[in-house]
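# Need the 3D shape of this:
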Amino acid sequence: MQGKSPSESQVTLTQVMGPTHANNLGNVHGGVIMKLCDEAGGMAAIRHARHPAVTVAVDSMRFHSPVHIGNLMTVTAEVSWVGRTSLETRVVVTAEDVLTGHVTHTNTAYFVYVALGTDGRPIKVPPLLCSTVEEEARFERGAQRQAYRLQQRTQDGA
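All right, here's what the predicted structure looks like:
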């Protein structure tokens, strides 16, 4: 199975945030942001695996700053770690005030997906080809996060 680089699966979603996305304070609901993160992360996982992929886990998502009505929100996702059948995607969210051009990093999160074959069961995915020091470091940190997730799962009795 031929490997793929993180850039081969990268997905970018950009959307203007309107009143239907926000609360009474004009801040976009965290759930709206999480949904778009899951969509971008899932598409990156599918692009890498070239098979359907379903969400298995979301690492904690902290919001550093709000996204406001009228902001241009950009969600960028790429595969950061690959196991046998599972993939981790790194998802970065920014908000741009289009009048001033000021861009704010609102959050980064990691989503884990499992690729599924035509029978609905987990299927082996291509390896991740890291070609830069940064990609290799992300892969190693992803492997550490996955080991922690598996350890937590065992402790939780799942």
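# Relative to the longest strand along the chain, what are the paired strands and their orientations?
Counting residues, the longest strand found in the chain (DSSP state E) is strand 103-115. Strand 103-115 sits in its sheet next to strand 53-58 (antiparallel), strand 86-96 (antiparallel), going by DSSP bridges.
# how about Ala44, secondary structure?
helix (DSSP: H, G, I helix; E, B strand; the rest coil).
# What distance do you get for it to Thr100?
Distance of Ala44 to Thr100, given as CB to CB, to the nearest Å: 30 Å. Yep, even glycine has a C-beta here, placed from its N, CA and C like the rest.
# who's more crowded, the two?
Set Ala44 next to Thr100 and count neighbours by other CB atoms under 10 Å: Ala44 wins out with 29 against 7.
# correct me, but that one touches Val11?
Yes. Contact criterion CB atoms under 8 Å: Ala44 and Val11 qualify, at 4.7 Å.
# Quick one: work out the angle between the lowest-mean-pLDDT helix or strand in the chain and strand 86-96.
The helix or strand of the chain with the lowest confidence, counting by mean pLDDT, DSSP states H and E, is helix 133-156 at a mean of 91. If you take axes from the mean of the first three to the mean of the last three CA atoms, to 10 degrees, helix 133-156 sits at 120 degrees to strand 86-96.
# Against which helices or strands is helix 133-156 packed?
Using 3 or more CB pairs under 8 Å, 6 or more residues apart in numbering; DSSP states H and E, the elements in contact with helix 133-156 are strand 72-82, strand 86-96, strand 103-115.
# switch to 10 Å and redo it
Applying 3 or more CB pairs under 10 Å, 6 or more residues apart in numbering; DSSP states H and E, one finds that helix 133-156 contacts helix 6-9, strand 53-58, strand 72-82, strand 86-96, strand 103-115.
# Buried ones in the helix or strand that the first one is followed by, by neighbour count?
This means helix 6-9. Using DSSP states H and E, the helix or strand that follows helix 6-9 in sequence is strand 11-16. For strand 11-16, the neighbour count (16 or more other CB atoms under 10 Å) marks 11, 13 as buried.
# Appreciated, that's everything.
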